[in-house]
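Trainee: okay, structure incoming, though there's no sequence with it:
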């Protein structure tokens, strides 16, 4: 079974440039670069989930204080 490679690597091996994708998709090169950077996407998603979790924890603590009458 072969390992899945990143889109960036697959583009490189296929000689498809960021500019090619930008032109074909109607987006600028910078947007394309950010959109296909899987490590960046994963990091941003993980950061968002961490913040959601932290804030929900704080809200939960505050809710329990209200329920306990404090």
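Mentor: Nice, I can see it. Values in this document were obtained by computation on a predicted structure and should not be read as measured data. Residues are numbered from 1 along each chain as shown.
Trainee: gap between the most centrally placed residue in the chain and residue 59?
Mentor: Per CA atoms, centre = their mean, the C-alpha nearest to the average position across the chain is that of residue 41, at 2.5 Å. Separation of residue 41 from residue 59 (CB to CB, to the nearest Å): 27 Å. C-betas here are computed from N, CA, C, even on glycine.
Trainee: again, but for residue 52
Mentor: From residue 52 across to residue 59, the span is 10 Å (CB to CB).
Trainee: again, but for residue 69
Mentor: Per CB to CB, residue 69 is found 18 Å from residue 59.
Trainee: of those two, give the one with the bigger neighbour count.
Mentor: A direct count of neighbours by other CB atoms under 10 Å for residue 69 and residue 59 places residue 59 higher, at 10 against 5.
Trainee: elements contacting the helix or strand harbouring residue 60?
Mentor: Using DSSP states H and E, residue 60 sits within helix 38-67. For helix 38-67, there is no helix or strand it packs on, judged by 3 or more CB pairs under 8 Å, 6 or more residues apart in numbering; DSSP states H and E.
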